[in-house]
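Engineer: pasting the structure only:
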């Protein structure tokens, strides 16, 4: 869908009350600011519907309707085929650990799982632990020259015993978007399933699980403008096959409840409705007049345009320094990366620079961002790892300029500012 209007940045920023506190937030990959509309839904549930579902009385029925409304909103958000394909949980890490537990009986000793060295530990650790019951875990390496996953490197890892391949939709270090549909076709053609960690992707692009053909797709709402909560999509037939994580009387056909032990957090799940309301309004302001899904897609087209401009502004600054290494592609070709940008300054400690930037009321982050295997693979763990600037659509070009000016001050304090061109990867 072609949008007719750019992102309404003033409207967007006004929907995030945390932006009025005087800070510039460039640590959004660690957690975005929360929407007022999500907060409103949380409060509405807690004030008007704060009872257990399953009762015969009216308020309990209202609570159940609110939870179903939340699943329906999430269905639209990811383009699932039915609300029952949505599983809520406390975090992506917890959901993937639960998924591994619920799938454990599907594996026999000698069965294989492929994970990527470039993923967040959330989509590696739960599968790696299955080695204790005889599962063989293989690592799909990252091409060191292109810093991309190549199906030619996956091919020799696949066998008749391969049951599952796990991959990230976008790297929270490299910012690179992986071709999930291409990977899904490859994996399904070899009779394996695909589990996708979309934490670093979902805040930036419209999710379409049917188009991606992912079997399981997981991301965190607290990085997608909501509260500290998460959701997992699973194909309904596959969810039916999973073991129950709830009480013994929650049979395999009780989907998705059997995967939400203790029940989901109702008020946080209900916040999903506020997230979808926001995207619908953004889409309408971008020119969309159709369905909820069409408005969501239009919203993300406008978001992508804004984020591409932000990414290029920062990347252009980093490219013109010969004392800086961008970890990943230093040019955003054809919107193939999200505005999550990791880098290192020659000979400088990432923690020291980050803390100096703190003093400017600008929030960035340093370290390995829980993708330690990738950081070790790239040999960037010394000097407190990398700096990471992770932007989202509510950030502005003026904020990027404030950050780069702050970098100039910090880096020139004892080394001088060098502006010769650096060779791009």
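Structural biologist: Everything's here; your move. What you are looking at is a predicted structure, and each value in this text was computed from that prediction instead of being measured. Residues are numbered from 1 along each chain as shown.

Engineer: residue ranges with poor pLDDT in the stretch 251-400 of the chain?
Structural biologist: For the stretch 251-400 of the chain, no stretch is flagged by pLDDT under 70.

Engineer: so which residues of it form helices?
Structural biologist: Ranges of helices within the stretch 251-400 of the chain are 266-285, 292-319, 350-358, 372-377, 397-412, based on DSSP state H, counting those that start in this stretch.

Engineer: which residues sit against the shortest one?
Structural biologist: What that stands for is helix 372-377. For helix 372-377, the surrounding residues in contact (Cβ atoms under 8 Å, 6 or more residues apart in numbering) are 117-119, 121, 124, 141-142, 171, 173-174, 368-369, 381, 385-386. Using the backbone N, CA and C atoms, a C-beta is placed for each residue, glycine as well.

Engineer: pull out the buried positions in that helix.
Structural biologist: For helix 372-377, a neighbour-count test (16 or more other Cβ atoms under 10 Å) marks 373, 374, 375, 377 as buried.

Engineer: same question for stretch 91-107.
Structural biologist: 91-93, 95-103, 107.

Engineer: can I get the residues you listed in a markdown table with distance to residue 149, secondary structure and pLDDT?
Structural biologist: Converted to a markdown table, the buried residues of stretch 91-107 look like this (distance: Cβ to Cβ, whole Å; DSSP: H, G, I helix; E, B strand; the rest coil; pLDDT from 0 to 100):
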| residue | distance to residue 149 | secondary structure | pLDDT |
| --- | --- | --- | --- |
| 91 | 24 | coil | 97 |
| 92 | 20 | helix | 98 |
| 93 | 22 | helix | 97 |
| 95 | 23 | helix | 98 |
| 96 | 19 | helix | 98 |
| 97 | 23 | helix | 98 |
| 98 | 26 | helix | 98 |
| 99 | 21 | helix | 98 |
| 100 | 21 | helix | 98 |
| 101 | 27 | helix | 97 |
| 102 | 26 | helix | 97 |
| 103 | 23 | helix | 97 |
| 107 | 23 | coil | 97 |
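
Engineer: now those residues in TSV, with distance to residue 29?
Structural biologist: Output for the buried residues of stretch 91-107, formatted as TSV (distance: Cβ to Cβ, whole Å):
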residue	distance to residue 29
91	14
92	12
93	15
95	18
96	17
97	21
98	23
99	22
100	24
101	27
102	28
103	27
107	32
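
Engineer: how about the nearest residue to residue 149, chain neighbours excluded?
Structural biologist: Closest residue to residue 149 apart from its sequence neighbours, by Cβ to Cβ, 6 or more residues apart in numbering: residue 178 at 5.8 Å.

Engineer: same check, this time on residue 48
Structural biologist: Residue 48 sits nearest to residue 62 (Cβ to Cβ, 6+ apart), 7.2 Å away.

Engineer: so which elements touch the helix or strand that contains the one you found?
Structural biologist: Using DSSP states H and E, residue 62 maps to helix 58-78. Secondary-structure packing of helix 58-78 (3 or more Cβ pairs under 8 Å, 6 or more residues apart in numbering; DSSP states H and E): helix 36-48, strand 86-89, strand 230-234, helix 266-285, helix 292-319.

Engineer: can you list the buried residues in that helix?
Structural biologist: 63-64, 66-67, 69-78.

Engineer: export those to JSON lines and tack on pLDDT?
Structural biologist: JSON lines is the format used below for those (pLDDT from 0 to 100):
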{"residue": "63", "pLDDT": "98"}
{"residue": "64", "pLDDT": "98"}
{"residue": "66", "pLDDT": "98"}
{"residue": "67", "pLDDT": "98"}
{"residue": "69", "pLDDT": "98"}
{"residue": "70", "pLDDT": "98"}
{"residue": "71", "pLDDT": "98"}
{"residue": "72", "pLDDT": "98"}
{"residue": "73", "pLDDT": "98"}
{"residue": "74", "pLDDT": "98"}
{"residue": "75", "pLDDT": "98"}
{"residue": "76", "pLDDT": "98"}
{"residue": "77", "pLDDT": "98"}
{"residue": "78", "pLDDT": "98"}
